[in-house]
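[1] what follows is a predicted structure for the sequence shown.
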Amino acid sequence: MAQKEEHSHRESEEKFAKAFRCSPQPFTLSTLKEDRYIEVNDAFELKTGYRREEVIGGTLLILHILTVDNTFLNCVSAVRIHPAPP
């Protein structure tokens, strides 16, 4: 059973990675605690003009890439209060 679950998990990760990379919409992954970029897709690079290497490790606010508004802050607060189960 463990092998089947591992295979299913791996397939799920591969699907997510493909959707993330191939999306025409700019997408980023960042840490919840520090809002530090850990990955960006090609569409993000095209839209912002930043190269992946310039962004990874930087924070949302320091790089001035994202305009933070109340909607964004409310979403981040909601995730911090109710994180996904492990």
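    Cool, the structure landed.
[2] specify the beta-bridge partners of the most centrally placed residue in the chain.
    Per Cα atoms, centre = their mean, the C-alpha nearest to the average position across the chain is that of residue 29, at 1.5 Å. Beta-bridge partners recorded for residue 29 (DSSP bridges): residue 39.
[3] which residues are in contact with it?
    Residue 29 makes contact with 20, 37-40, according to Cβ atoms under 8 Å, 6 or more residues apart in numbering. Every residue, glycine included, has its C-beta placed from N, CA and C.
[4] out of those residues, which is nearest to residue 63?
    Of all those, residue 37 has the smallest distance to residue 63: 7.6 Å, by Cβ to Cβ.
[5] which residue, neighbours along the chain excluded, lies closest to residue 25?
    Leaving out its chain neighbours, the residue that sits closest to residue 25 by Cβ to Cβ, 6 or more residues apart in numbering is residue 43, at 5.8 Å.
[6] name the element that neighbour belongs to?
    Secondary structure from DSSP states H and E places residue 43 in helix 42-48.
[7] can you list the buried residues in that helix?
    43-45, 48 (16 or more other Cβ atoms under 10 Å).
[8] which residues are in contact with the helix or strand that that helix is followed by?
    Once the chain leaves helix 42-48, the next helix or strand it forms, by DSSP H and E, is helix 52-55. The contact list for helix 52-55 (Cβ under 8 Å, 6+ apart) reads 28, 37, 39-40, 44-45, 48, 63, 65.
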